[in-house]
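**Student:** return a 3D structure for these sequence lines:
(chains A and B)
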Amino acid sequence: MSATTFDAAQSRAISHRHSLHRQRAWALWGSYVALAVFVVMFLVPPFYMVMTSLKSSAEISAQKGDPWIVHHPTLANFWYLITYPNFQTYYLNSVIVTVFTVVISMVIAVLAAFSLARMSFWGSQTLATGVFLTYLIPASLLFLPLFRVIGFLGLINSYWCLVLLYPTLAVPFCTWIMIGYFSSIPKELDEAALIDGAGYLQMLFKIFIPVAMPGIIAATIFAFTVAWGQFLYPLAYLYTSNQMVLTVGIVSDLIRGDVFEWGKIMAANVLASLPPILIYAFLMDYYVAGLTAGATKG
Amino acid sequence: MADGTSVPVGVMAPGAVARPRGSMKKFAQRRSTIAFCLCLPLILLIAGFVVYPAFYAIYLSMLNKKMTAFVGLSNFAFLIRRHTFQLVIFQSCLFAITAVVFKALIGFVMAHLMHNIPGKNQRIWRGLLLVPWVIPLALSTLTWWWMFDPSYSALNWILEQLGFSAVPWLGVGWIARFCTITVNVWYGTPFFMIMYLAALKSVPEQLYEAAAIDGAGAVQKLFFVTIPMMRNIIAITVLFSLIVTFADFDIVRILTSGGPEDMTHVFATYAFQVGIQSGDIPLGAADSLFMFPILAFAAFFVLRGVNRRSREIAA
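**Tutor:** Predicted coordinates:
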């Protein structure tokens, strides 16, 4: 009697384990299928962007057959853009503005984060909170008064005004990330350095920056993303093509009145999206870690 | 903050206190001077290009169009009575709230799906799903515009293949509103997915095991373990995204420029049209200042959530 109940219990346990196993497998495959559906839906615009960039103007305007597939692929659009002086200017301006923005933002953010994470002075707590609040102030709230400020500085229609303004968008979040990374470095390290007679700057360069390298990479990517993709400031402050950066350049130069050269516009999109995509492909993990550090670590 | 300085105090003989006390004070003073100097670039940047413009905006918004006379609050009163601006308020709220709700829901589902699959495969899937968020928004909005294009619309081609009639995507007010929200959801969902995935990973596995032993099903685990554990991050992410979405400029500007019949204008695009294109900077400044109460409200709760979260972690 007892043996049969034991058997029954065991077989039930086994079948339960089986069904659990089967359930897991189903959940796994279901997740893959659902994710695949999401990936397809989310990648439709980039896919169409690439397809259109490979079409000739004739094929686009012919309106025959499936618009989602390219029938006669050509690199003519890319070639046109690469040899088009205006586009070269936009690209170069974007690179200049981005490099300066990243360097300026990182210097400001690292110095401030080091000070806020490790040393204190009157009002440093308030400043840390204030920096976070600054991050929550959007560009669209300030672009009109800044128009006057930039005008006063004589920088309207000069891409140097972007080098001045982009750090305001990047620095608060970079500082915030770096405070988190710097605070997680054990205090024993800087005590040891102080005892060995290191100055603060030595401490920063020899200990903090090397140890917090993942945070530096994450913050750098953030600054890069802001500087490469911002649209409102260049649209508001730049109006001649020798000063424009990629985002406004593509929108305002390649669209002439009602004539849309969609093949060229999409090819320009592809070329302009390449740097961020490459950077994220290699460094995504650092960025995601930096971004979610606040969420998971505090 | 007395690290590094705390060592000598305890071992000091009473007679020897006077001199080190003085030098330590000097040390602390020097230290805070250095600290302040390191923060100086940040303070100057924020004071010059954020705080000053913010107050300048308030001053500007009380001037007349030529900026020659002080007119008090009449710019605000003028805007409030204007039908276009009432549409702007409505569309901004509709746009931000609907988009954030959908982003949060889809992001939550995607994070869960991602959490289900084995860790080593997550990287590639996550990378693919992040693409919308990586491409500069202004450029991907151009692509969307091209897909919505009235005469060559690739979306309409699919609809026609399926036997439906073509849709005038950006030509009719409510459909255009729907389109702007769709683009925003498409762009912003990956961010929610990343945040929620990180939050899911931080929920201790033991809690689920304990719940399973107590006989909890999948739904119960979701509502009594996952969501309570993630509550703070959900709140922070939603409020943060509310701010960003509310202040969005790129999508509406490129997709519709506020049309048809001003039905898709949000605060930012309307401020641009009034302030830069029509040259009425005071009126535009007044327009963008209307965003401020909502932003301040959301910012207050974000800050509270972040502080509470860091206290939780510290405890």
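**Student:** pretty sure A:Val33 is in a helix, no?
**Tutor:** Yes. Counting by DSSP: H, G, I helix; E, B strand; the rest coil, one finds A:Val33 located in a helix.
**Student:** what number of residues lie near it?
**Tutor:** By the criterion of other C-beta atoms under 10 Å in any protein chain shown, A:Val33 has 11 neighbours. To be clear about C-beta, it is placed using only N, CA and C from the backbone, and glycine gets the same treatment.
**Student:** what's the spacing between it and A:Leu43?
**Tutor:** Taking C-beta to C-beta, to the nearest Å as the measure, A:Val33 falls 16 Å from A:Leu43.
**Student:** so what's the residue most central in space within chain A up against?
**Tutor:** Nearest residue to the geometric centre of chain A (C-alpha atoms, centre = their mean): A:Thr225, 3.8 Å. The neighbourhood of A:Thr225, defined by C-beta atoms under 8 Å, 6 or more residues apart in numbering or on different chains, consists of A:276, B:134.
**Student:** name the helix or strand for it, please.
**Tutor:** helix A:213-229 (DSSP states H and E).
**Student:** name the residues of that helix that are buried.
**Tutor:** A:214-229 (16 or more other C-beta atoms under 10 Å in any protein chain shown).
**Student:** any idea how far the very next helix or strand once past it is from the middle of the chain?
**Tutor:** Sequence-wise, the next helix or strand downstream of helix A:213-229 (DSSP H and E) is helix A:232-237. How far helix A:232-237 lies from its chain's middle: 19 Å, per C-alpha atoms, centre = their mean, to the nearest Å.
**Student:** mind giving me the domain split of the chain?
**Tutor:** No chain specified, so I'll use chain A. Listed by automatic domain parsing, the domain ranges of chain A are A:1-42, A:76-296.
**Student:** looking at chain B here, not the other one
**Tutor:** B:6-60, B:81-314.
**Student:** can you redo those domains as a markdown table with distance to chain A and mean pLDDT?
**Tutor:** Below are these laid out as a markdown table (distance: least, C-beta to the nearest C-beta, whole Å; pLDDT from 0 to 100):
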| stretch | distance to chain A | mean pLDDT |
| --- | --- | --- |
| domain B:6-60 | 4 | 74 |
| domain B:81-314 | 3 | 88 |
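**Student:** turn those into JSON lines, columns for mean neighbour count.
**Tutor:** Converted to JSON lines, the domains of chain B look like this (neighbours: other C-beta atoms under 10 Å in any protein chain shown):
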{"stretch": "domain B:6-60", "mean neighbour count": "14"}
{"stretch": "domain B:81-314", "mean neighbour count": "19"}
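**Student:** mind putting those domains into a markdown table with distance to A:Lys64?
**Tutor:** Compiled in a markdown table, the domains of chain B are given as follows (distance: least, C-beta to C-beta, whole Å):
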| stretch | distance to A:Lys64 |
| --- | --- |
| domain B:6-60 | 52 |
| domain B:81-314 | 11 |
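**Student:** out of these, which comes closest to A:Met266?
**Tutor:** A:Met266 lies closest to domain B:81-314 among the domains of chain B, at 6.8 Å (C-beta to C-beta).
**Student:** how far out from the middle of the chain is the closest one?
**Tutor:** The mean C-alpha position of domain B:81-314 is separated from the chain mean by 9 Å, C-alpha atoms, centre = their mean.
**Student:** could you do stretch A:31-38 as well?
**Tutor:** With C-alpha atoms, centre = their mean, you get 25 Å for stretch A:31-38.
**Student:** that stretch and chain B, any residue contact?
**Tutor:** Yes. Under the criterion of C-beta under 8 Å from any C-beta of the partner chain, stretch A:31-38 makes contact with chain B via A:31-32, A:34-35, A:38.
**Student:** helix or strand: which one has residue 141?
**Tutor:** You didn't pick a chain, so chain A it is. Here A:Leu141 is assigned to helix A:139-152, by DSSP H and E.
**Student:** wrong chain, I was asking about chain B
**Tutor:** Per DSSP H and E: helix B:137-148 holds B:Thr141.
**Student:** list the contacts of that helix.
**Tutor:** A:44-46, A:48-49, A:52, A:229, A:231, A:247-248, A:250-251, A:260, A:262, A:265-266, A:269, A:272-273, B:132, B:152-155, B:169-170, B:179, B:183, B:186-187, B:250-251, B:254-255.
**Student:** in strands only, show me these.
**Tutor:** A:Phe260 (DSSP state E).
**Student:** so of the contacts of helix B:137-148, which ones are in helices?
**Tutor:** A:44-46, A:48-49, A:52, A:229, A:247-248, A:250-251, A:262, A:265-266, A:269, A:272-273, B:132, B:154-155, B:179, B:183, B:186-187, B:250-251, B:254-255 (DSSP state H).
**Student:** tell me the angle the one helix or strand A:Val110 maps to makes with helix A:213-229.
**Tutor:** Per DSSP H and E, A:Val110 falls inside helix A:85-118. Using axes from the mean of the first three to the mean of the last three C-alpha atoms, to 10 degrees, the direction of helix A:85-118 lies 140 degrees away from that of helix A:213-229.
**Student:** quick one: buried residues of helix A:85-118?
**Tutor:** A:87, A:89-91, A:93-94, A:97-98, A:100-102, A:104-106, A:108-118.
**Student:** what separates it from the chain centre, distance-wise?
**Tutor:** Per C-alpha atoms, centre = their mean, the centroid offset for helix A:85-118 relative to its chain is 13 Å.
**Student:** may I have the helix holding A:Leu141 as CSV, with CA atoms only?
**Tutor:** The C-alpha coordinates for helix A:139-152 follow below in CSV (Å, rounded to 0.1, in the frame of the first residue of the first chain):
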residue,chain,number,x,y,z
ALA,A,139,16.7,71.9,-24.8
SER,A,140,13.3,73.0,-26.1
LEU,A,141,12.7,75.1,-22.9
LEU,A,142,15.8,77.2,-23.3
PHE,A,143,16.5,77.6,-27.1
LEU,A,144,14.8,81.0,-27.4
PRO,A,145,16.6,82.8,-24.6
LEU,A,146,19.8,81.0,-25.8
PHE,A,147,19.2,82.5,-29.3
ARG,A,148,19.6,85.9,-27.7
VAL,A,149,22.6,84.8,-25.7
ILE,A,150,24.3,83.3,-28.8
GLY,A,151,23.4,86.4,-30.7
PHE,A,152,25.0,88.5,-28.0
